[in-house]
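J.: below are the sequence and a predicted model for it; my questions follow.
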Amino acid sequence: MAGAALRLQNLFEQLLGAPLPVRIRAWDGSQDGPPDAPTLVVRNRRALRRLLFKPGELGLARAWVAGDLDVDGDLYTALDLMAGLVWERGEDARTLAGALRDPEVRAAVRGLVKLAGPPLPPAPPPEEVRRGRGHLHTKHSDRRAISHHYDVGNDFYELVLGSSMVYSCAYWQAPESEGGTLEDAQRDKLELVSRKLGLSPGQRLLDVGCGWGSMAIHAAREHGVSVVGVTLSQEQAAYARKRVADEGLTDRVEIRVQDYRDVADGPYDAISSIGMAEHVGAERYLEYATDLYRLLGPGGRLLNHQIARRPRRDESAYSVDEFIDAYVFPDGELAPIGTTVTQLERAGFEVRDVESIREHYALTLRRWVANLEADWATALRLVSSGRARVWRLYMAASALAFERNRIGVNQVLAVKTTEAGGSGLPLRTRTWN
């Protein structure tokens, strides 16, 4: 009888309608597939049962997080090779019901069932979100979602993010191969935001989704502003408050555990929202924009730094990525940049500048993955193996998504103009090289 690897190659080819572009090594030690390609390691039959009971991305994610599937070789290359067959089949992909009408596909499924062994569905890994009932993006559900992602240990985030402790796209003057560093790039991003906001001594800044306090500290220390930073993460807030105290900035920086919808002490001169709006949700986005507009004084500026997806031909068919929703950012949603700009304008803002920094996020994510891989043993002491595997997969896959222009990231500068229409901005806000 042929080894399990050859049988899997043949079965996957029948199911996918194309050759599997990676090599397979199965639990029985057999191998098959392109000799120079990365190897998909199927450690046990349980991986197949996960795919059978949850076909598609969620089944693959569960197998990866649980350690039933692994990659031997370059993870980026493996993901890139498999993306077209598994993750990017898109709007034209066959539905499971349609595919099962194909006799070859039905035969392949029967073959997988036989190879997988006793048909008992494995329990999801403990790192998967357990959702309660209720509406999305209530204050309670948002607190729970933020806690799932951010309250996993500040030490773990220090390992991944480095000393800057900034968990959003950096702004690279030069890649690392040309002498740039992650810390320099993150500092330059915070300074870029500060300059776009026109921060100056005596102003008040609201930092929405302040993370571990890096933007708040930079703005207070380098530009002399008073800052209120709000986060829903208790661990982030405790860490940020200690950093603020260590910097001697407690008279200028206040860190609150507070929902942005509960902030009531405006007006502010400027608002920074960096990597936070992805958590808001489509049904709440106009409320988000309106709340920030309300909190600004006339002439006040908003810098909204946000990941964007590509628009779909049929926007009603958009659904959240299963892996990201179940393991990374529960209830997170991405919108096209045009939708974001429209909602900000509906709230009353004048949008003055949109800058895409997509390639910068790919460089940032690759640095975070390198940090994690370089100290993997420490990561496993700080969090579960499943949690570390989640972060490695999502950051590597996201880096490729930014590189291939499947998603982007934009900084949108918007102004609450005065009653007379004044923006307070110069005629030219930036100069092109």
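T.: Yes, it's here. Keep in mind it's a predicted model, so treat the numbers as computed, not measured. Numbering: from 1, shown residues only.

J.: how many residues are close by the residue lying closest to residue 53 once chain neighbours are set aside?
T.: With C-beta to C-beta, 6 or more residues apart in numbering as the measure, residue 121 is the residue that lies nearest to residue 53, at 4.2 Å, once sequence neighbours are left out. In this view, the C-beta of every residue, glycine as well, is placed from N, C-alpha and C. Close neighbours of residue 121, defined as other C-beta atoms under 10 Å, add up to 10.

J.: could you look up the SS state of residue 121?
T.: At residue 121, secondary structure determined by DSSP: H, G, I helix; E, B strand; the rest coil is coil.

J.: for it, give its distance to residue 185.
T.: According to C-beta to C-beta, to the nearest Å, residue 121 stands 44 Å off from residue 185.

J.: ok, residue 51 next?
T.: 39 Å.

J.: low pLDDT regions in the protein?
T.: By pLDDT under 70, the weakly predicted segments of the chain are 1-2, 85-108, 119, 131-151, 431-433.

J.: elements contacting the longest strand along it?
T.: As assigned by DSSP state E, the longest strand anywhere in the chain is strand 296-309. Packing partners of strand 296-309 (3 or more C-beta pairs under 8 Å, 6 or more residues apart in numbering; DSSP states H and E): helix 182-197, strand 268-274, helix 337-346, strand 407-415.

J.: quick one: residues in contact with the helix or strand following the third one.
T.: Scanning forward in sequence from helix 337-346 by DSSP states H and E, the next helix or strand is strand 350-356. The contact list for strand 350-356, computed with C-beta atoms under 8 Å, 6 or more residues apart in numbering, reads 196, 337, 341, 344-345, 408-417, 423, 425, 429-430.

J.: mind running it again at 10 Å?
T.: 171, 192, 196, 301-305, 308, 337-338, 340-342, 344-345, 405, 408-417, 421, 423, 425, 429-430 (C-beta atoms under 10 Å, 6 or more residues apart in numbering).

J.: in ChimeraX, select just the buried ones from those residues.
T.: This is how ChimeraX selects the buried members of the contacts of strand 350-356, with burial counted by 16 or more other C-beta atoms under 10 Å:
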select :171,192,196,301,302,303,304,305,308,337,340,341,342,344,408,409,410,411,412,413,414,415,416,417,425
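
J.: list the contacts of residue 403.
T.: Here residue 403 is in contact with 76, 80, 358, 359, 361, 362, 363, 365, 366 (C-beta under 10 Å, 6+ apart).

J.: between the helices and strands packed on strand 296-309, which one is closest to residue 41.
T.: strand 407-415 (27.8 Å; C-beta to C-beta).

J.: tell me how far that closest one lies from the chain's centre.
T.: 16 Å (C-alpha atoms, centre = their mean, to the nearest Å).

J.: same question, stretch 20-28
T.: So, by C-alpha atoms, centre = their mean, the centroid of stretch 20-28 is 29 Å from its chain's centroid.

J.: nice, that's everything, thank you.
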